[in-house]
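Engineer: take a look and give me a structure for this.
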Amino acid sequence: MIPALIPIILGQVAQTAAPKIIDALVDRIVKDPANPVTPSDAPAIRKELVPVIEHLTNGEPWYKSRVTWGAIGAIFGGVGTIATALANGDYNPEMLGTAALSVLGGFGTIYGRWAAKPLAAK
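Structural biologist: Reported below is the predicted structural model:
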């Protein structure tokens, strides 16, 4: 139960820190005399930076993570291959082993993605 809450908790930490990171970055850009940016451009810059910062800090929700969806696809593909082979009575060890490794790799990837500590978390 507790490991399942880790990505939710870490995502909340990143969502709390991301606006602070973005505000500091935009303020620095706007105040830099070398940039042709005016303070009125700040909202547009913030809007563009939000998804970038969430991605870079590993702070996007799990359902927006391409890594998670790829791993889920690998798990379903492996389970589907195993189920079809066993239903047809095909006990080819190479095929079953490959499908089992696909499933294990998918779970390992999901664990690695969800256990990854967002950069903004302490």
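
Engineer: any chance you could map the strands in the chain?
Structural biologist: With strands called from DSSP state E, the chain shows none.

Engineer: now the residue with the largest distance to the centre of the chain, what are its backbone angles?
Structural biologist: Each residue of the chain has a distance to the centre, and by C-alpha atoms, centre = their mean the biggest one is for Gly89: 37.8 Å. Dihedral pair for Gly89: phi 80, psi 20, per degrees, to the nearest 10.

Engineer: quick one: it and Thr81, what's the gap?
Structural biologist: 14 Å (C-beta to C-beta, to the nearest Å). The C-beta positions use only the backbone N, C-alpha and C, and glycine is treated the same way.

Engineer: and Arg66, how many neighbours?
Structural biologist: 10 (other C-beta atoms under 10 Å).

Engineer: equivalent analysis for Ile110, please.
Structural biologist: Ile110 has 20 nearby residues by other C-beta under 10 Å.

Engineer: looks like it contacts Ala71 (just checking).
Structural biologist: Yes: using C-beta atoms under 8 Å, Ile110 is in contact with Ala71, at 4.6 Å.

Engineer: now stretch 26-43: buried residues?
Structural biologist: Using 16 or more other C-beta atoms under 10 Å as the test for burial, stretch 26-43 gives Val26.

Engineer: and it, how far out from the chain's middle?
Structural biologist: Its chain's C-alpha centre and that of stretch 26-43 lie 30 Å apart, by C-alpha atoms, centre = their mean, to the nearest Å.

Engineer: do stretch 93-113 as well
Structural biologist: Between the centre of stretch 93-113 and the centre of its chain there are 19 Å (C-alpha atoms, centre = their mean).

Engineer: give the buried residues for that stretch.
Structural biologist: Buried residues in stretch 93-113 (16+ other C-beta under 10 Å): Leu96, Ala99, Ser102, Val103, Gly106, Thr109, Ile110, Arg113.

Engineer: per-residue pLDDT of the fourth one, please?
Structural biologist: When you say that, I think you mean Val103. With respect to pLDDT, Val103 scores 97.

Engineer: next one: the residue nearest to it when sequence neighbours are not counted from Glu60, what distance?
Structural biologist: Leaving aside its sequence neighbours, Val103 sits nearest to Gly78 (C-beta to C-beta, 6 or more residues apart in numbering; 3.8 Å). Distance, Gly78 to Glu60, using C-beta to C-beta: 25 Å.
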